[in-house]
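> With the input below, show me the fold.
(one chain, ligands or ions: 1)
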Amino acid sequence: MSRTYVHGYREREHERLHDQAGTLVEILHGDTNYAPGSQVLEAGCGVGAQTMTLARRSPGAFFTSVDISPDSLAAAKAASEAAGLLNVRFEQADVFNLPFAEESFDHIFICFLLEHLPSPVAALAMLIRLLKTGGTVTAIEGDHGSTYFHPDSDPAHQAIKCQIELQRLGGGNALIGRQLYPLMVEAGLHPVRVSPRTVYVDGSRPDLIDGFTRKTFTAMIQGVREPAIKAGLIEPEAFDAGIRGLERTAEPDGVFCYTFFKGVGTKANAPASAHG
Ligand SMILES: C[S@@+](CC[C@H](N)C(=O)[O-])C[C@H]1O[C@@H](n2cnc3c(N)ncnc32)[C@H](O)[C@@H]1O
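Numbers count the residues shown, from 1 in each chain. Below is the predicted model of the structure:
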């Protein structure tokens, strides 16, 4: 895949992914545990933001974490070494051309990867071939259409729409969370269970105001300012008003809501029926 990753690979984006992962650990990973001895493939590990949590929470499992970006992998390796993790190895690879034998993993984990791929079902199907029968695929994706906040702000919604549109133009889908169930079923997993994970932030949660509303969501939207303006999607003043609208929701009387979707599907013995 040579498509441009919409969020870019800059230092600030690396920080943002770590902030996001740290803030969301319980919401996203509270029920992610792999048995000792399991071989787990993490596809699209990025800077290792989820890898740290996975490897710490399942210390007896062994993780093979791959990404297409050498820069992100270098950052992931450095973070893993600094944390002293011994149960992770990193490898550069494209999810559509992975250098592993069929049925060589017990489980597969992906997070915020499918939203960047033009053919998410094909990617899932490739990954499922590497999975042993009875193994699971866990996929976590966001959905920017799930964003609502107080005070409401039209410019903020316009700025968010720029991000959605840029991702669409790059071949991705920032609204993919709501499609996780049908995509995983279409790829052949059975059964599939999807659960929405809502991040709700109000003035009583200064940790989430800082870690999620400001440093994760608003920082992500802020990151597309230049490309959105360059693509003619919005005027600079309108975009900046949108960012002010998002920042306003981080005041003590503001409220911010976003929903992630987590799906777990099993590679069944027999091919699953399309509507299993
Ligand atoms: C939003 S980041 C998510 C990283 C990590 N999973 C996390 O949750 O922090 C998406 C990652 O997918 C990687 N990626 C995109 N297309 C890929 C492909 N075809 N094969 C492998 N990795 C890919 C990007 O390089 C990027 O690191």
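> CA only for contacts and neighbour counts going forward, please
Noted.
> quick check: longest helix of this protein.
As assigned by DSSP state H, the longest helix anywhere in the chain is helix 154-169.
> got the contact list for it?
Residues outside helix 154-169 that contact it (CA atoms under 8 Å, 6 or more residues apart in numbering): 6, 116, 144, 173-175, 221, 224, 227-228, 233-234, 238-239, 241-246.
> Which ones among these lie within helices?
Short answer: the contacts of helix 154-169 in helices (DSSP H) are 221, 227-228, 238-239, 241-246.
> Return the residues of the stretch 51-200 of the chain in contact with the ligand.
67-69, 93-95, 111-113 (CA under 6 Å from any ligand atom).
> Out of these, list just those in strands.
67, 111 (DSSP state E).
> Among the residues of the stretch 51-200 of the chain next to the ligand, which one has the most neighbours?
Using other CA atoms under 10 Å as the neighbour criterion, D67 leads these with 23 neighbours.
> okay if I get the residues of the stretch 51-200 of the chain next to the ligand as CSV plus pLDDT?
CSV is the format used below for these (pLDDT from 0 to 100):
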residue, pLDDT
D67, 98
I68, 98
S69, 97
A93, 97
D94, 97
V95, 97
C111, 98
F112, 97
L113, 98
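> which of the residues of the stretch 51-200 of the chain next to the ligand lies closest to D152?
F112 (26.3 Å; CA to CA).
> Leaving out chain neighbours, which residue sits closest to the residue of the stretch 151-276 of the chain found nearest the ligand?
The stretch 151-276 of the chain approaches the ligand most closely through G172 (9.8 Å), counting by CA to the nearest ligand atom. Counting by CA to CA, 6 or more residues apart in numbering, H116 is the residue found nearest to G172 once chain neighbours are left out, at 4.3 Å.
> was I right about that neighbour contacting G171?
Yes: between H116 and G171 there is a contact under CA atoms under 8 Å: 6.9 Å.
> Among those two, which residue is more densely surrounded?
When neighbours are counted by other CA under 10 Å, H116 and G171 differ, and H116 comes out ahead with 21 against 17.
> so who does the more buried one touch?
5-6, 167, 170-174.
> Spatially nearest residue to the most centrally placed residue in the chain, not counting backbone neighbours?
Geometric centre of the chain, nearest residue: F112, 1.9 Å, by CA atoms, centre = their mean. Computed as CA to CA, 6+ apart, the closest residue to F112 that is not its neighbour in sequence is E141, at 5.0 Å.
> circling back: for the residue nearest to G172, give its distance to L246.
Separation of H116 from L246 (CA to CA, to the nearest Å) stands at 24 Å.
> again with E13
18 Å.
> Which one of the two is surrounded by more residues?
Ranked by neighbour count (other CA under 10 Å), E13 and L246 place L246 first, with 30 against 17.
> my guess is the more buried one meets T218, correct?
Yes: L246 is within contact range of T218, at 6.3 Å (criterion: CA under 8 Å).
> export the ones in helices among the contacts of helix 154-169 to JSON lines and tack on distance to Y148 and pLDDT?
Conversion of the ones in helices among the contacts of helix 154-169 to JSON lines gives the following (distance: CA to CA, whole Å; pLDDT from 0 to 100):
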{"residue": "I221", "distance to Y148": "14", "pLDDT": "98"}
{"residue": "P227", "distance to Y148": "24", "pLDDT": "98"}
{"residue": "A228", "distance to Y148": "21", "pLDDT": "98"}
{"residue": "A238", "distance to Y148": "19", "pLDDT": "98"}
{"residue": "F239", "distance to Y148": "17", "pLDDT": "98"}
{"residue": "A241", "distance to Y148": "17", "pLDDT": "98"}
{"residue": "G242", "distance to Y148": "13", "pLDDT": "98"}
{"residue": "I243", "distance to Y148": "14", "pLDDT": "98"}
{"residue": "R244", "distance to Y148": "15", "pLDDT": "98"}
{"residue": "G245", "distance to Y148": "12", "pLDDT": "98"}
{"residue": "L246", "distance to Y148": "10", "pLDDT": "98"}
